[in-house]
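A.B. asks: turn this into a structure:
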Amino acid sequence: MVSRSDRRRDRDELAEVLRGATQPLLLKRPRAFAGRGQQRVYAHAMITDKEQSWITASLRGGGLIVEPLVELMLPL
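C.D. replies: Prediction:
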């Protein structure tokens, strides 16, 4: 379970986190902002080829930050 931001630089580390996910996760490239450079991953969902390509490129480019996906309940 991911309860805070956690940086992953290795495919095996990331795969372990994704396999153990019990909640949706947000994968973020370092220096990502305003929704750019982010990918939502849902627990027990198959990762598509397009998502896998994005993950591979992101790991090559400095790793990914993995954090719990928090859905907006009330817009402020």
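A.B. asks: tell me how far residue 22 lies from residue 42.
C.D. replies: Remark: distance between residue 22 and residue 42 (CB to CB, to the nearest Å) = 11 Å. (Each C-beta comes from the backbone N, C-alpha and C, glycine too.)
A.B. asks: so for the two, which residue has more residues nearby?
C.D. replies: Neighbours per residue, other CB atoms under 10 Å: of residue 22 and residue 42, the larger number sits with residue 42, 12 against 9.
A.B. asks: my guess is the more buried one meets residue 26, correct?
C.D. replies: No. Contact criterion CB atoms under 8 Å: residue 42 and residue 26 do not qualify, at 10.6 Å.
A.B. asks: count of residues packed around residue 66?
C.D. replies: Neighbour tally, residue 66, other CB under 10 Å: 21.
A.B. asks: hmm, I was thinking of residue 65
C.D. replies: 19.
A.B. asks: let me see the backbone angles for it.
C.D. replies: With angles defined as degrees, to the nearest 10, residue 65 sits at phi -100, psi 130.
A.B. asks: for this protein, what spans make up the strands?
C.D. replies: 6-8, 25-28, 38-41, 64-68 (DSSP state E).
A.B. asks: which one of those lies closest to residue 18?
C.D. replies: Residue 18 lies closest, by CB to CB, to one member of the strands of the chain: strand 38-41, at 6.4 Å.
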